[in-house]
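> Make a model of this:
(one chain, ligands or ions: 1)
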Amino acid sequence: MIFRGTDTTALLTEWVMAELVLNPDVQNKLQEELELVVGSKRSVRDSDVGNLPYLQAVVKEALRVHPPGPLLSWARLSTSDVELSNGMVVPVNTTAMVNMWAITHDSKVWEEASKFKPERFIESMGGTNVDVRGNDLRLAPFGAGRRVCPGKNLGLVTVSLWVAKLVHHFNWLPNKENPIDLTEVLKLSSEMKYPLSAVALPRNLLLSS
Ligand code: HEM
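Numbering: from 1, shown residues only. This next block holds a predicted model:
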């Protein structure tokens, strides 16, 4: 529980922040949403997350482009022959995994798959409101079915709250001496091969809490 719930949330936060530094227009839109919904006189609270659709879309897009658990169903064994919808048969006693990374980067499934574009999840911006909690297999970064991640709601709200606080209080800029490199490396989860380095400038809001 502790291992599954700590590195995934920390790494996803790092991926989101890296994309926000590389996409200042997205960072600005997120700050505008925070100013509109939360204002500048108090800090963001977890109860605000449900009222911040652009924030939720940013987190979903990071889960799509950089799923912390890119291979689902580690070491699951088929207990009978299973015929898939494309006619392929997985024979009994086969260890099978789902390559979620390949699905979330498939240009047949996602338009401009390699582009970081949170708007794809916002209906009013021409996108589709995809549920990432295991109900839509185009984007199931927490798995699906009986062994779906039990911490998915906690993980989503935690990352959303951390990102919201970081962006509400600071402007995030590239560190010219240590530019961002999005190369991934698969350890226990999918990590940034070169950890994020960025410059944080305080936004000097009148925050009281
Ligand atoms: C953004 C954060 C998270 C991501 C991306 C994530 C992703 C995943 C994935 C992909 C799986 C495997 C599902 C499968 O094999 O089909 C999983 C399983 C699991 N996760 Fe998470 N997780 C996150 C947060 C958490 C948190 C916060 C907790 C606990 C508080 C947690 C606890 C677990 C546990 C115990 C399992 C194993 C479930 C089983 O095998 O039955 N995860 N998670």
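> where exactly do the strands run in the protein?
Secondary structure of the chain (DSSP state E): strands at 71-77, 82-83, 89-90, 95-99, 170-174, 184-186, 190-192, 198-202.
> check whether the worst-scoring helix or strand of the chain on mean pLDDT contacts the ligand.
Every helix and strand of the chain was ranked by mean pLDDT, DSSP states H and E. The lowest is strand 71-77, at a mean of 82. Yes. Using Cβ under 6 Å from any ligand atom, strand 71-77 reaches the ligand at 72-73. The C-beta positions use only the backbone N, C-alpha and C, and glycine is treated the same way.
> can you map out the helices along the protein?
Taking DSSP state H as the criterion, the chain carries its helices at 2-22, 24-37, 53-65, 100-104, 152-169.
> so which of the ones you listed comes closest to residue 175?
Residue 175 lies closest, by Cβ to Cβ, to one member of those: helix 2-22, at 8.6 Å.
> Tell me how far the spatially most central residue of the chain lies from residue 156.
Centroid-nearest residue in the chain, with Cα atoms, centre = their mean: residue 63, separated by 2.6 Å. As judged by Cβ to Cβ, to the nearest Å, residue 63 and residue 156 stand 9 Å apart.
> what's the overlap in contacts for the two?
residue 132 (Cβ atoms under 8 Å, 6 or more residues apart in numbering).
> Close to the ligand: what parts of the chain are there?
1, 4-5, 8-9, 12, 68-69, 72-73, 141-143, 147, 149-151, 154-155, 159.
> List the buried residues of stretch 88-102.
98, 100-101 (16 or more other Cβ atoms under 10 Å).
> Alpha carbons only: can I get it in PDB?
What follows is stretch 88-102 as a C-alpha-only set of coordinates in PDB (Å, rounded to 0.1, in the frame of the first residue of the first chain):
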ATOM      1  CA  MET A  88      -6.400 -13.600 -31.100                       C
ATOM      2  CA  VAL A  89      -6.300 -16.400 -28.500                       C
ATOM      3  CA  VAL A  90      -4.400 -16.100 -25.200                       C
ATOM      4  CA  PRO A  91      -3.800 -19.800 -24.300                       C
ATOM      5  CA  VAL A  92      -4.300 -21.100 -20.800                       C
ATOM      6  CA  ASN A  93      -1.300 -20.600 -18.500                       C
ATOM      7  CA  THR A  94       0.000 -17.600 -20.300                       C
ATOM      8  CA  THR A  95       1.400 -14.600 -18.400                       C
ATOM      9  CA  ALA A  96      -0.100 -11.600 -20.000                       C
ATOM     10  CA  MET A  97       0.300  -7.800 -19.400                       C
ATOM     11  CA  VAL A  98      -1.600  -4.800 -20.800                       C
ATOM     12  CA  ASN A  99       0.700  -2.200 -22.400                       C
ATOM     13  CA  MET A 100      -1.200   0.900 -21.300                       C
ATOM     14  CA  TRP A 101       1.600   3.200 -22.500                       C
ATOM     15  CA  ALA A 102       1.200   1.900 -26.100                       C
END
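> With mean pLDDT added, can I get the helices of the chain in JSON lines?
Converted to JSON lines, those look like this (pLDDT from 0 to 100):
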{"stretch": "helix 2-22", "mean pLDDT": "92"}
{"stretch": "helix 24-37", "mean pLDDT": "98"}
{"stretch": "helix 53-65", "mean pLDDT": "98"}
{"stretch": "helix 100-104", "mean pLDDT": "97"}
{"stretch": "helix 152-169", "mean pLDDT": "98"}
